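1. Sequence first, predicted coordinates after that:
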Amino acid sequence: METRNGTLPESNGEALPPPVSRGLPHGARRIAFLALLLLVPATVGGFLLGGSSVGLGALAGGVIAIGNFVLLSVFVVKTTSGAETSMGTMMVGLLMKLAGVGVSLGAVVLLIRWDPLGVLLGISVIFPAVILASATGRIT
């Protein structure tokens, strides 16, 4: 892993981040927090511009996206912590998470009938949160 100037972290005095063995890394918590902050104007904007269906869809989409991000972060921590885990167990866990996201989105759009564009608006809060956390340089 090289730094921005192409040198190894140990050669220029930078320390590698400590390994995380449980819980969420600080950067993942920061991204999830920023996504929650961004979800507020997305939800309010959805209510103001499209009514309750768009606003509630944005809220549901954001909660699903943030939950998915947190579950992926936990999965990465478990995978990289050095604990013995079989490939089959990891694949089943990822498929279960994917199925949960699909069922949740399907229920919100098809059963509850909240606006799909509102759900998409809510899901999209995670991307600017990653960009904001990266731009401030405080992901690790």
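-> Ah, there it is.
2. could you give the mean pLDDT of stretch 32-40?
-> The pLDDT scores in stretch 32-40 average 96.
3. same deal with stretch 70-79?
-> Mean pLDDT, computed over stretch 70-79, is 87.
4. next one: it to chain centre, how far?
-> Distance, stretch centre to chain centre, for stretch 70-79: 10 Å (C-alpha atoms, centre = their mean, to the nearest Å).
5. which non-adjacent residue is nearest Val108?
-> Ala60 (4.6 Å; C-beta to C-beta, 6 or more residues apart in numbering). Every C-beta, even on glycine, is put in place using the N, C-alpha and C of the backbone.
6. burial count for the one you found?
-> Counted with other C-beta atoms under 10 Å, the neighbours of Ala60 add up to 22.
7. Residue nearest the middle of the chain, spatially speaking?
-> The centroid of the chain falls nearest to Phe69 when counting by C-alpha atoms, centre = their mean (2.4 Å).
8. Who are the contact partners of that residue?
-> 28, 31-32, 35, 126 (C-beta atoms under 8 Å, 6 or more residues apart in numbering).
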